[in-house]
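# When you get a sec, could you give me coordinates for this:
(2 chains)
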Amino acid sequence: MTTGLRFTLVAMLVGGAGVAGLFAGAHASRAYNNSGSYACGFPYSGSGDISVTVADDLFWAPYGTYITAYNASQNWWNLSAQPVKISNNAYSAHLKLVVPGGSSGPRGSVDRGCSGGFRTYTDMRINSQHPDNINYYEWRQSTAAHELGHFVWISHSSVTPAIMNSGRDLSFWAPVLDDRCGAQSRYPSSTYPLQCSY
Amino acid sequence: MTNLRSTGVIAALALLLGVVLGWYLTKDPGGDAVFTDSDYGAPYQLSDLVQASPTILRGVVIDLRESKTVLISPVTGTAAGERTEVVWRVRVSEALRGSEFSGTDVEVRATTQLVLAGGDQGSRNLQIDHVSLDAGQEYVLFLTKFSEETGDALGLNGVLSAARVDNEALEFMLTPGYLAELESNGEGLHASFQTDLRRLRTAVTQLPHAPRVNAPDPALVASVQAIETQQAIVAGVIDEVRDGRFVSARAIEARLRELGFEPKGLGDPASCGAAELWFAGYGFEVELGCSE
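Next up is the predicted model:
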């Protein structure tokens, strides 16, 4: 084998290792499973609050107890997940919807529109035909709280308990420590430092 | 020497390619994009699914068709979208639960697409994650009545609710989104879903239809509602603080008392402390009695 060929092979191995290393870094083990939930947050300076607004969709606004569920969930997030503060504003580009998505659709879902890595609009949807949401007010609130977590920009968690865990039960209907730490992993806050063990 | 030099160039290019490829495959997408997250809420074990399903039927799909439904907004009462459903006609050979369907043909509906009108973004076209059932194939279907308009449409009971029958074995079907969710968590279906008709029949006999979760404890509901009332009071006063209506923490505390706020009323000390921090962020050392 010539020196040149050996050099080529070594360089290719190094290049390959670079690729592999970058992959490994991107999939490092962490408390929050961020796959499928890429950059799309709100601008934040690192101190004080992030004030974000939400509006009812024109045609698919929450109704009945879905209003209660969304409002109660907003209150929970506002009282526990600093630095994000969510308030209602009819002119917001971030929308709350309740739509009939079928019995085999997800309980809820969120689309986050992004440009340049930052949020431009949000559609938060609760499926009014999902069996859980039909049958239990508690699930409506749990779904609203979960979708608001995605709105804030937290992804799914495999931790129990966590409102962002898709496999959660109804032991709680609101964000817990894991969710608060999720918020602060996205928006490290000097104003509201939270003690997270991970 | 020339050979060595050109080989070196190739090697350098290979190195560069590795780095560029690695960056490209792992970079955060900075351009315009839409990211979707869904809350699948699938049952963890087969026993959960059996208990949650009011109707469990075995049968062959004899026909399938697509149908469109105009959606009427519950808010405006006007047409505000369109739903595309796939409708499977199933010849029932065995009603494991739901004897009224025994020996009948039933229609099972699943939503595949929503086109919603309105909003600043214009119409929104949503593809709904669902499984595909093939004509001529035998399945066990876990069903529920779900239509909010009439309450009588029969649909799949959640995202994990169809199993292909292969002799006596059952192969549970996953929607593409739910499969991706399981894979991203490094999980698969719980082992209890590796089952067959005999074991399923036993489970259906032993586990009657029951709510997906136990009915909420009335005391817990009352407690949560009380906390929500207190939250609403604090949230309302926070809005007033934001509007600059107070000059001192004592005035804020007086306003909270006036509206019915009670010390420890927020229940969770962490939430209470966080609310105090929020007031502190505006320069007011408000005492909410978190640790009393």
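# Just the helices from the chain, written as ranges.
Picking chain A for this. Ranges of helices in chain A, per DSSP state H, are A:3-26, A:65-80, A:131-135, A:137-152, A:177-186.
# switch to chain B, that's the one I care about
Going by DSSP H, chain B shows helices at B:2-26, B:46-52, B:176-184, B:197-206, B:218-242, B:249-258, B:269-281.
# among those, which gets the worst mean confidence?
Lowest mean pLDDT within those: helix B:2-26, at a mean of 54.
# Briefly note if stretch A:98-116 comes near chain B.
Yes: judged by CB under 8 Å from any CB of the partner chain, stretch A:98-116 comes into contact with chain B at A:98-116. For every residue, glycine as well, the C-beta is placed using N, CA and C.
# quick check: mean pLDDT across that stretch?
Averaging pLDDT along stretch A:98-116 gives 91.
# Name the residues of that stretch that come out as buried.
A:98-114 (16 or more other CB atoms under 10 Å in any protein chain shown).
# pLDDT weak spots in chain A?
For chain A, applying pLDDT under 70 flags the ranges A:1-39, A:192-198.
# Identify each buried residue in the longest strand along it, please.
Counting residues, the longest strand found in chain A (DSSP state E) is strand A:118-127. Residues of strand A:118-127 classed as buried: A:119-127 (neighbour count, 16+ other CB under 10 Å).
# residues near the nearest residue to residue B:173 once chain neighbours are set aside, how many?
Leaving aside its sequence neighbours, residue B:173 sits nearest to residue B:131 (CB to CB, 6 or more residues apart in numbering or on different chains; 4.4 Å). For residue B:131, the neighbour count with other CB atoms under 10 Å in any protein chain shown is 19.
# what's the spacing between residue B:131 and residue B:110?
As defined by CB to CB, to the nearest Å, residue B:131 lies at a distance of 8 Å from residue B:110.
# picking up where we left off before, and the longest strand of chain A, what other elements does it pack with?
On a contact count with 3 or more CB pairs under 8 Å, 6 or more residues apart in numbering or on different chains; DSSP states H and E, strand A:118-127 meets helix A:65-80, strand A:94-99, strand A:108-115, helix A:137-152.
# residues in contact with the nearest residue to residue A:105 once chain neighbours are set aside?
Once flanking residues are discounted, residue A:105 sits nearest to residue B:128: 4.7 Å by CB to CB, 6+ apart. If a contact means CB atoms under 8 Å, 6 or more residues apart in numbering or on different chains, then residue B:128 has A:101-102, A:104-105, B:110-114 as its contacts.
# Which ones among the residues you listed lie within strands?
Of the positions in the contacts of residue B:128, B:110-114 sit in strands, assigned by DSSP E.
# Just the closest of those residues to chain A, please.
residue B:111 (2.8 Å; CB to the nearest CB).
# show me the contacts for that closest one.
A:100-102, A:104-105, A:129, B:83-85, B:128, B:130.
# try 10 Å
A:99-105, A:127, A:129, B:69, B:83-86, B:126-130, B:146, B:155-156 (CB atoms under 10 Å, 6 or more residues apart in numbering or on different chains).
# circling back: can I get the buried residues of strand A:118-127 in JSON lines with distance to residue A:89?
What follows is the buried residues of strand A:118-127, written out as JSON lines (distance: CB to CB, whole Å):
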{"residue": "A:119", "distance to residue A:89": "15"}
{"residue": "A:120", "distance to residue A:89": "16"}
{"residue": "A:121", "distance to residue A:89": "14"}
{"residue": "A:122", "distance to residue A:89": "13"}
{"residue": "A:123", "distance to residue A:89": "16"}
{"residue": "A:124", "distance to residue A:89": "15"}
{"residue": "A:125", "distance to residue A:89": "19"}
{"residue": "A:126", "distance to residue A:89": "20"}
{"residue": "A:127", "distance to residue A:89": "25"}
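# Max pairwise distance over the ones in strands among the contacts of residue B:128: which two?
Farthest-apart pair in the ones in strands among the contacts of residue B:128 is B:110 and B:114; separation 12.3 Å (CB to CB).
# can you list residues touching both of these two?
Joint contacts of residue B:110 and residue B:114 (CB under 10 Å, 6+ apart) are A:102, A:105, B:84, B:128.
# How much space separates the second one from residue A:70?
So that's residue A:105. 19 Å.
# count of neighbours near residue B:113?
Residue B:113 is flanked by 17 other residues according to other CB under 10 Å.
# Would you confirm that it contacts residue B:126?
Yes: at 6.7 Å, residue B:113 counts as touching residue B:126 under the criterion of CB atoms under 10 Å.
# what sits in contact with each of the two?
Counting by CB under 10 Å, 6+ apart, the residues touching both residue B:113 and residue B:126 are residue B:83.
# so where is the stretch 51-200 of chain B shaky, pLDDT-wise?
Regions of the stretch 51-200 of chain B meeting the criterion pLDDT under 70 cover residues B:118-122, B:148-151.
# Are stretch A:145-158 and chain B in contact anywhere?
Yes: against chain B, stretch A:145-158 shows contacts by CB under 10 Å from any CB of the partner chain at A:146-147, A:149-151, A:153-158.
# The residues you listed: which two are farthest apart?
Pairwise distances across those (CB to CB) peak at 20.2 Å, for the pair A:151 and A:158.
# Neighbour count: those two, which is higher?
A direct count of neighbours by other CB under 10 Å for residue A:151 and residue A:158 places residue A:151 higher, at 25 against 17.
# just checking, the more buried one touches residue A:77?
Yes: using CB under 10 Å, residue A:151 is in contact with residue A:77, at 8.8 Å.
# shared neighbours of the two, anything?
Residues touching both residue A:151 and residue A:77 (CB under 10 Å, 6+ apart): A:84, A:86.
# so what's the closest residue to residue B:203 other than its chain neighbours up against?
Closest residue to residue B:203 apart from its sequence neighbours, by CB to CB, 6+ apart: residue B:50 at 4.9 Å. Residue B:50 is in contact with B:43, B:56, B:96-97, B:142, B:192, B:200, B:202-210, counting by CB under 10 Å, 6+ apart.
# hang on, the earlier thing: overlap in contacts, residue B:131 and residue B:110.
Residues touching both residue B:131 and residue B:110 (CB under 10 Å, 6+ apart) are A:104, B:156, B:161-162, B:175.
# Most neighbours among these, which one?
Scoring these on neighbours with other CB under 10 Å, the highest-scoring entry is residue A:104 at 32 neighbours.
# Tell me what the nearest residue to it once chain neighbours are set aside is bridged to.
Spatial nearest neighbour of residue A:104, chain neighbours left out: residue B:156 (3.9 Å); criterion: CB to CB, 6+ apart. Beta-bridge partners recorded for residue B:156 (DSSP bridges): residue B:143.
# I'd assumed residue B:140 was in contact with residue B:156.
No: Residue B:156 lies out of contact with residue B:140 (CB under 10 Å); the separation is 11.4 Å.
# Centroid-nearest residue for chain B?
Geometric centre of chain B, nearest residue: residue B:39, 2.3 Å, by CA atoms, centre = their mean.
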